[in-house]
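A.B. asks: this one's sequence-less:
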Ligand code: SF4
Ligand code: SF4
């Protein structure tokens, strides 16, 4: 997940927030973070944000925040248009970054067959496409992973952009935060935790509550998938089941790792 060295901006950058196929949870997170939201609306000029305003202005943008995977031809065309208009494009949330749960069968060549099994001969308003992350179609400058994104990551990134500084990704896996939070490792009790394979930034939200990480921040770049799968197999799970669970949030980005296992 390469980040570009691209900063902004002038005063009051023009911002658009968009959503494609997904649950809209990332846009909702921005709206629900009420203290920061007031500062956000003071710091930027919101041109388009369907969840916050019914009067979008579809002109040139300094920054576009885009949620959701691309799952129809119409969404693809809209994304290409946003990319043309935006100086900086930020993918927000697992669906935009990795493809989301709807991309868990990425790499399976039977997309048309699966589509027919679910929808039969239905007529579509827009031609359906296999769900893919934004960077399958356009250049993405920054990524905010998560399902949903976390305000503690989102607002510092926005703040850096507004102040003309380069945002930086969180480089460590969930285990790093989990250790800082002094949790007892769930692997000691042979519980299925994907923390070592998953990009951190959530503050180890699940292990903090004695729940295994299911990988919703998406794959960590330097994770050792082969060894972790071997460890989980030793807990009594089949490789097939383990990989299916890894794919839940790994989408297209997981393929380069699992093909080596
Ligand atoms: S509980 Fe999970 S996230 Fe925490 S250290 Fe163990 S493997 Fe890593
Ligand atoms: S611990 Fe794992 S599953 Fe839970 S929020 Fe963090 S990345 Fe997602």
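C.D. replies: Cool, got the structure. Nothing here was measured: the structure is a model prediction, and the numbers come from that model. Ligands and ions are numbered 1, 2, ... in the order given.

A.B. asks: middle-most residue in the chain, spatially?
C.D. replies: Centroid-nearest residue in the chain: residue 94, 2.3 Å away (criterion: CA atoms, centre = their mean).

A.B. asks: where do the helices sit along the stretch 101-250 of the chain?
C.D. replies: 111-119, 151-162, 174-180, 225-233, 239-250 (DSSP state H, counting those that start in this stretch).

A.B. asks: residue 59: which of those helices is closest?
C.D. replies: helix 151-162 (18.5 Å; CB to CB). Any C-beta I mention is one placed from the backbone N, CA and C, and that applies to glycine too.

A.B. asks: for that closest one, which positions count as buried?
C.D. replies: When burial is assessed from 16 or more other CB atoms under 10 Å, helix 151-162 yields the following buried residues: 153-155, 157-158, 160-162.

A.B. asks: and stretch 201-215, by the same measure?
C.D. replies: Across stretch 201-215, burial judged by 16+ other CB under 10 Å covers 201-207, 213-215.

A.B. asks: ligand 2 contacts on this structure?
C.D. replies: Within the chain, the positions adjacent to ligand 2 are 174, 198, 202, 204-206, 213-217 by CB under 6 Å from any ligand atom.

A.B. asks: near ligand 1, which of the residues you listed show up?
C.D. replies: When those are filtered against ligand 1 using CB under 6 Å from any ligand atom, the residues retained are 174, 204, 213.

A.B. asks: from residue 165, how far out is the second one?
C.D. replies: From residue 204 across to residue 165, the span is 27 Å (CB to CB, to the nearest Å).

A.B. asks: do the same with residue 103
C.D. replies: Per CB to CB, residue 103 is found 32 Å from residue 165.

A.B. asks: more crowded one of these two?
C.D. replies: Per other CB atoms under 10 Å, whichever of residue 103 and residue 165 has more neighbours is residue 103, with 28 against 14.

A.B. asks: and the more buried one, what does it touch?
C.D. replies: Applying CB atoms under 8 Å, 6 or more residues apart in numbering to residue 103 gives the contacts 69, 95, 130-133, 251-252.

A.B. asks: how does it look with 6 Å?
C.D. replies: 131, 251-252 (CB atoms under 6 Å, 6 or more residues apart in numbering).
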